[in-house]
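Peer 1: This is the structure alone, sequence omitted:
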């Protein structure tokens, strides 16, 4: 494979949208305004990256198994996203520096192909 073909393949892979799930944990008792602010920030980052937010679920306050940054309760927000790989890297970098978020997890959702049963 020529170098040019490899580069074109990498460009296609970087611009191809994939399904991602993002779990964000805010400190317990975060106000509705704080939650909306985080959702708006993430939505803006995803939009700028050429992706889209498919859904947002607010699971509310949940007891944490262990303390995170002196918090025993966290507010869980779950996002379903369409995003390219470059956008995922950008999103993680922005989330990492957001002081309102005490923990996050971004995973790419793999399609599971069912085998035909006889």
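Peer 2: Thanks, I have it. In this text, all values refer to a predicted model and were calculated from it rather than measured experimentally.
Peer 1: tell me the mean pLDDT over the helix or strand that contains residue 59?
Peer 2: Per DSSP states H and E: residue 59 is located in strand 52-68. Mean per-residue pLDDT for strand 52-68: 91.
Peer 1: Report the buried residues of that strand.
Peer 2: 53, 56, 64 (16 or more other CB atoms under 10 Å). (Each C-beta comes from the backbone N, C-alpha and C, glycine too.)
Peer 1: can you check stretch 33-45 too?
Peer 2: Under 16+ other CB under 10 Å, the buried positions of stretch 33-45 are 35, 38, 39, 42, 43, 45.
Peer 1: Quick one: end-to-end length of stretch 88-103, please.
Peer 2: The first residue of stretch 88-103 is 16 Å away from its last residue (CA to CA, to the nearest Å).
Peer 1: any idea how far that stretch is from the chain center?
Peer 2: When C-alpha coordinates are averaged (CA atoms, centre = their mean, to the nearest Å), stretch 88-103 and its chain have centres 9 Å apart.
Peer 1: and it, what's its mean pLDDT?
Peer 2: 92.
Peer 1: before we move on, back to that, downstream of the strand holding residue 59, the next helix or strand is which one?
Peer 2: strand 71-83.
Peer 1: Which neighbouring elements make contact with that following strand?
Peer 2: Packing partners of strand 71-83 (3 or more CB pairs under 8 Å, 6 or more residues apart in numbering; DSSP states H and E): strand 18-27, helix 32-48, strand 52-68.
Peer 1: What angle do strand 18-27 and the last one make with each other?
Peer 2: Using axes from the mean of the first three to the mean of the last three CA atoms, to 10 degrees, the direction of strand 52-68 lies 40 degrees away from that of strand 18-27.
Peer 1: Now do the same for the residue positioned nearest the centre of the chain: its pLDDT.
Peer 2: The centroid of the chain falls nearest to residue 22 when counting by CA atoms, centre = their mean (3.0 Å). pLDDT, residue 22: 96.
Peer 1: how close does it sit to residue 94?
Peer 2: Taking CB to CB, to the nearest Å as the measure, residue 22 and residue 94 are separated by 12 Å.
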